[in-house]
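**Q** Predicted model follows, preceded by the sequence.
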Amino acid sequence: MKGLSGKRVVVTGGASGIGAATVERFLEEGARVAVIDQDDAGGRALRGRLPKLAGVIRADVADAAAVDGAFRELDRLLGGVDVAINNAGISLRHDFMDIRPAEWRKVMSVDLDGVFYVAQQAARRMLASAGGVILNMGSTSGMNGYPRYADYNAAKAGVIELTRTMALELAPTIRVIAVCPGYVWTAMQEAEYTPEMKAAVDAKIPLRRHATPGEIAALFAFLASDEAPYITGHPVIIDGGEIAGGLASR
Amino acid sequence: MKLKDRIAIITGATSGIGEASAILFAEEGARVTVTGRDDARGRKVVAAITAAGGAAIFVRADVRHTADCERIVAETLRAFGGRLDILFNNAGVFYPHNAIDCTEEEWDAQVDSSLKGAWLMSKYSLPTMIAQRRGVIINQASGWGIQGGDEAVAYCAAKGGLVVMTKALAIDHGKQGIRANCLCPGDVDTPMLAFDAEARRLDYADYMKGAANRPLGRVGTPSELARAALFLASDDSSFMTGAALVVDGGGIAD
């Protein structure tokens, strides 16, 4: 992808899953990459595996003060930021009637508050320099209904609308785009699924499979690059055709 | 090279986004069938590609007609070894009219070139793609296929139809290894804009100022749309299907 070489990139939740694949892809593209993650062991392992990584900053994105501190550390590591990838997220599986206020708050604090804190810190730096690109992790869950994830779905719908509004206010200096994946095969999914569960989900997806983390990383790379200078504001769905319709109801 | 040895058909490739895409796809290693109604311009695009060391043929055709679509696919298969990897349904025309002013001829021209043409080209391209277990269809829709626009009743109908037809193609042929996505541009600096300004009896400079009134503060370039099409054509978008990629400078986010 054109224009990623030398770019200063921060990836939240970069220690594992889609985040780690995104870190790898941007390093391959010649970018300078730092990670914000609260998983200390995962961060250390990533550093061992990817010696080119500029650094792993331990912080919880749900904590505004911690995010502020993380960006000061990021300034020391990279001297600013050109691309911010708001990837960190959590989900809890529970019925709407069983959601406790503390669980609701936990999901909102990471999936929506965290995106806001990180995006605002990143945007402040981008507005003061040559601009940049902010990519927020949405989800098809923020567009369609999925039982047992009411809080997560609401947070992701929030991310999509937050993204649109940021795009309008921060244009033309900063492009802001939500990436909306469907099912992605990560270690987290592997731990939760039986083979039967996976087959049932795959059957509902027109491409008949989950995404690899690398496929989501490739979309992040495209959107952050000079290949996509006219794209901002609109969510981009990457779901193997899942929410195009049809199969899920069969 | 992102499309090394891939075979691509691009309709409406004699100008604008189609021309830019044909040249870019060829630079990225694809062998390209350039199609359109204008013989002279089509041959010029092919000449530019071959002069740069690329491979391309021109097939003069009108995608509103079944026989022409069959011929585009047949000549492509004959020229490039029987394979077909990428179909970019880009052809389209635009007459700015509301429901009262739109003539039946204008309705048919817009709906048939954008929507029926994309279906016909898919119909004749898919069997080869399915046999290969690999193929990509890109449909040129529009931001006005998602939201409405002024004085564009048939155009909106055609482009909205394309957005949903793309999803239907994705559902039917995903399991056969086919991906189908659409591009949704806003205003792009192509001959279509000059034509639109004239048809609306607007001064071109004023018209372009209005078209640039969007978050990124400018109209798009054919090259920007071609690069988005390249992404959708390449393996970098291997999990994307049924999607609408909006490339409009934030136009419809507002």
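**A** Perfect, I can see it now. Model, not experiment: these values are computed from the prediction.
**Q** contacts, neighbours, all on C-alpha from now
**A** Noted.
**Q** quick one: contacts for residue B:237?
**A** When contacts are counted by C-alpha atoms under 8 Å, 6 or more residues apart in numbering or on different chains, residue B:237 touches A:215, A:218, A:219, B:231.
**Q** So for the chain, which residue is the most central one in space?
**A** Picked chain A for this. With distances taken as C-alpha atoms, centre = their mean, the residue of chain A nearest its centroid is residue A:87 (2.2 Å).
**Q** not quite, I wanted chain B
**A** Nearest to the mean C-alpha position of chain B, by C-alpha atoms, centre = their mean, lies residue B:90 at 1.6 Å.
**Q** Longest helix in chain A, please.
**A** Scanning chain A for the helix with the most residues, using DSSP state H, yields helix A:150-170.
**Q** for chain B, same thing?
**A** Longest helix in chain B, counting by DSSP H: helix B:153-173.
**Q** Now that one: buried residues?
**A** Using 16 or more other C-alpha atoms under 10 Å in any protein chain shown as the test for burial, helix B:153-173 gives B:153-171, B:173.
**Q** quick one on the thing from earlier: which secondary structure elements does the longest helix of chain A sit against?
**A** helix A:101-108, strand A:132-137, strand A:174-181 (3 or more C-alpha pairs under 8 Å, 6 or more residues apart in numbering or on different chains; DSSP states H and E).
**Q** Please name the strands paired to the second one in the sheet, noting orientation.
**A** In this case it means strand A:132-137. Each strand paired with strand A:132-137, and its direction, by DSSP bridges: strand A:83-86 (parallel), strand A:174-181 (parallel).
**Q** now the ones you listed as a markdown table including mean pLDDT, distance to residue B:101 and mean neighbour count?
**A** What follows is these, written out as a markdown table (pLDDT from 0 to 100; distance: least, C-alpha to C-alpha, whole Å; neighbours: other C-alpha atoms under 10 Å in any protein chain shown):
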| stretch | mean pLDDT | distance to residue B:101 | mean neighbour count |
| --- | --- | --- | --- |
| strand A:83-86 | 98 | 48 | 28 |
| strand A:174-181 | 98 | 38 | 27 |
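**Q** okay if I get these as a markdown table plus distance to residue A:36?
**A** Output for the strands paired with strand A:132-137, formatted as a markdown table (distance: least, C-alpha to C-alpha, whole Å):
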| stretch | distance to residue A:36 |
| --- | --- |
| strand A:83-86 | 10 |
| strand A:174-181 | 19 |
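**Q** How about the residues of the stretch 1-150 of chain B by chain A?
**A** Nowhere does the stretch 1-150 of chain B come near chain A, counting by C-alpha under 8 Å from any C-alpha of the partner chain.
**Q** Low-confidence ranges, chain A, go.
**A** For chain A, applying pLDDT under 70 flags the ranges A:246-250.
**Q** Point out the residues in it that sit beside chain B.
**A** Counting by C-alpha under 8 Å from any C-alpha, chain A comes close to chain B at A:164-165, A:167-168, A:171-172, A:206-208, A:211, A:215, A:218-219, A:222, A:227-234, A:236-241, A:244-247.
**Q** Among those residues, name the buried ones.
**A** So, of the residues of chain A next to chain B, A:164, A:167-168, A:171-172, A:206-208, A:211, A:215, A:218-219, A:222, A:227-234, A:236-241, A:244-246 end up buried under the neighbour-count rule (16+ other C-alpha under 10 Å).
**Q** Name the nearest residue to residue 63, ignoring sequence neighbours.
**A** All of this refers to chain A. residue A:114 (7.3 Å; C-alpha to C-alpha, 6 or more residues apart in numbering or on different chains).
**Q** that's the wrong chain, I meant chain B
**A** Closest residue to residue B:63 apart from its sequence neighbours, by C-alpha to C-alpha, 6+ apart: residue B:117 at 4.8 Å.
**Q** quick one: contacts of the helix or strand harbouring the one you found?
**A** Using DSSP states H and E, residue B:117 maps to helix B:117-132. Applying C-alpha under 8 Å, 6+ apart, the contact partners of helix B:117-132 are B:63-66, B:69-70, B:73, B:83-85, B:87, B:89, B:91, B:135, B:137, B:139, B:162, B:176-178.
**Q** Can you show me the helices along the stretch 51-200 of chain B?
**A** Secondary structure of the stretch 51-200 of chain B, counting by DSSP state H, counting those that start in this stretch: helices at B:66-79, B:104-111, B:117-132, B:153-173, B:191-199.
**Q** Quick one: these as a markdown table, columns for distance to residue A:125 and mean pLDDT too.
**A** Output for these, formatted as a markdown table (distance: least, C-alpha to C-alpha, whole Å; pLDDT from 0 to 100):
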| stretch | distance to residue A:125 | mean pLDDT |
| --- | --- | --- |
| helix B:66-79 | 51 | 98 |
| helix B:104-111 | 46 | 98 |
| helix B:117-132 | 45 | 98 |
| helix B:153-173 | 37 | 98 |
| helix B:191-199 | 37 | 88 |
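**Q** Reformat those helices into TSV and put distance to residue B:243 next to each item.
**A** Listed next are the helices of the stretch 51-200 of chain B as TSV, based on distance: least, C-alpha to C-alpha, whole Å:
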stretch	distance to residue B:243
helix B:66-79	25
helix B:104-111	21
helix B:117-132	16
helix B:153-173	7
helix B:191-199	25
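**Q** residues contacting the closest residue to residue A:43 other than its chain neighbours?
**A** Excluding its sequence neighbours, the residue lying closest to residue A:43 (C-alpha to C-alpha, 6+ apart) is residue A:15, at 5.0 Å. Residues counted as contacts of residue A:15 (C-alpha under 8 Å, 6+ apart) are A:35, A:37, A:39, A:42, A:43, A:46.
**Q** Which helix or which strand is home to the last one?
**A** Assigned by DSSP H and E, residue A:46 belongs to helix A:40-49.
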